[in-house]
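Student: turn this into a model:
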Amino acid sequence: MSEYAIQVEGLTKHYGKIKAVTDLDLNVRTGVVHGFLGPNGAGKTTVIKSLLGLVTPNAGSVSIFGRDLFSNRSEIMKKVGAVVEAPVLFEDFTAYENLFYLSRFSDIHGDRISKSLIAETLETVGLSDVADRKVRTFSYGMKQRLGIAQALLPENELIFLDEPTNGLDPHGIVGVRRLIKRISSELNVTVFLSSHLLSEVEQVCDYVTIIDYGLKIRESKTSDLMAERNLIELVTTTSSTFEKFAGEREIKVSSSDELEDGRWRFIVEGVESDIPGLASELVAEKIAILRIGKHQNTLEEIFVELTGKNPGNTAADRF
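Tutor: Here you go, the predicted model:
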């Protein structure tokens, strides 16, 4: 098996004067959950359609499991499944019937899906106990899991999930998150996941790619991206004194937020080993310390910091 499930080089797709994607490189390792992020209009949909062979780019190449997508699409798609937004299901069919009949509507997959494989897939997504229930009685979360089951059949090695937890309650989000991680770790299925819920991406994705204005901004192991910035968090009630102190000592303040009860939170640049010395100086300057410690980066903070910086296109160029 190829080391990379997806390799993209120089992908470019323009619609007239609209630059949807420009010279995009993408590398998705086999058997991981890879997050794909970008603001609305960043070009994510165009990229996903290109990776599924639904859009022909103006330039660049796409390889799936080491094979050129556009020369071998019919063969490659035998190993690829996708759920784009909400799954399309027959409400008056049972869960089992949905998987049975939907698989047989496809000339690609129909002859390879046995009853036992359907039962096994329902077990994987946690729906074996409701296999004979009609889908119209399902919760939205159950329908999402059934859609993922459909994407897994017959024995797909790569699945695309677009907003898989959209519209779910907290319990449903946790259930789908666990399912995605299990699919990757136990079945060695590569999951390419696009989502606006950055906290979910942070918890479930091994790697992440961020794009904006059709350009790749970052591609990294998620844990490495989260560990890049060295920041210290301080909560104080003497904000003006601290601001003067920070200015005098050229301490760079990354952000500040007013909390309740006269408290302020400052995020400043610095490594964890700086904290004892900084705390001593603050005490000497009679600056109240309610909390001080290493700041835990979030993917949301990093995403906001990296995106929205116009690299040459205008907002009207978003697609």
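
Student: list the buried residues of stretch 122-133.
Tutor: Using 16 or more other CB atoms under 10 Å as the burial criterion, the residues of stretch 122-133 that qualify are 122, 124-125, 127, 130-131. Yep, even glycine has a C-beta here, placed from its N, CA and C like the rest.

Student: could you give the mean pLDDT of stretch 259-266?
Tutor: Mean per-residue pLDDT for stretch 259-266: 93.

Student: please apply the same query to stretch 236-248.
Tutor: The average pLDDT for stretch 236-248 rounds to 94.

Student: number the chain from 34, please
Tutor: Taking 34 as the first residue, the last one we looked at is stretch 269-281.

Student: contacts for that stretch, please.
Tutor: Stretch 269-281 is contacted from outside by 267, 284-286, 289, 291, 295-297, 299, 301, 314-315, 318-323, using CB atoms under 8 Å, 6 or more residues apart in numbering.

Student: now these: which count as buried?
Tutor: The neighbour-count test (16+ other CB under 10 Å) marks 267, 284, 297, 299, 301, 315, 320-321 as buried among the contacts of stretch 269-281.

Student: what's residue 48 sitting at in phi/psi?
Tutor: Dihedral pair for residue 48: phi -110, psi 90, per degrees, to the nearest 10.

Student: in helices only, show me the buried residues of stretch 155-166.
Tutor: Cross-referencing the buried residues of stretch 155-166 against helices under DSSP state H gives 155, 157.

Student: turn the buried residues of stretch 155-166 into a markdown table, columns for pLDDT.
Tutor: Shown next, in a markdown table, are those (pLDDT from 0 to 100):
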| residue | pLDDT |
| --- | --- |
| 155 | 92 |
| 157 | 90 |
| 158 | 92 |
| 160 | 94 |
| 163 | 95 |
| 164 | 94 |
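
Student: need the max-distance pair from the buried residues of stretch 155-166.
Tutor: Greatest spacing in the buried residues of stretch 155-166, by CB to CB: 157 and 163 (13.9 Å).

Student: pLDDT of the helix or strand harbouring residue 175, averaged?
Tutor: Using DSSP states H and E, the element containing residue 175 is helix 173-185. What helix 173-185 shows for mean pLDDT is 91.

Student: which other helices and strands does that helix contact?
Tutor: Packing partners of helix 173-185 (3 or more CB pairs under 8 Å, 6 or more residues apart in numbering; DSSP states H and E): strand 113-117, helix 128-137, helix 148-157, strand 191-195, helix 203-220.

Student: which element is residue 277 on?
Tutor: If you go by DSSP H and E, residue 277 is part of helix 272-281.

Student: the helix or strand just after that helix vs helix 272-281, what angle?
Tutor: Next helix or strand after helix 272-281 toward the C-terminus (DSSP H and E): strand 286-291. Angle of strand 286-291 versus helix 272-281, following axes from the mean of the first three to the mean of the last three CA atoms, to 10 degrees, is 170 degrees.

Student: which elements pack onto the helix or strand following strand 286-291?
Tutor: Counting by DSSP H and E, the next helix or strand C-terminal to strand 286-291 is strand 297-302. Helices and strands touching strand 297-302, by 3+ CB pairs under 8 Å, 6+ apart, are strand 264-269, helix 272-281, strand 286-291.

Student: just tell me which of the ones you listed ends up closest to residue 47.
Tutor: When the helices and strands packed on strand 297-302 are compared for distance to residue 47 using CB to CB, the nearest one is strand 286-291, at 36.2 Å.

Student: ok, and what's touching that closest one?
Tutor: 264, 272, 276, 279, 297-302.

Student: run the chain-centre distance for it.
Tutor: Remark: strand 286-291 is offset 27 Å from the chain centroid, using CA atoms, centre = their mean, to the nearest Å.

Student: parallel or antiparallel, list what pairs with that strand.
Tutor: Its sheet considered, strand 286-291 pairs with strand 297-302 (antiparallel) by DSSP bridges.
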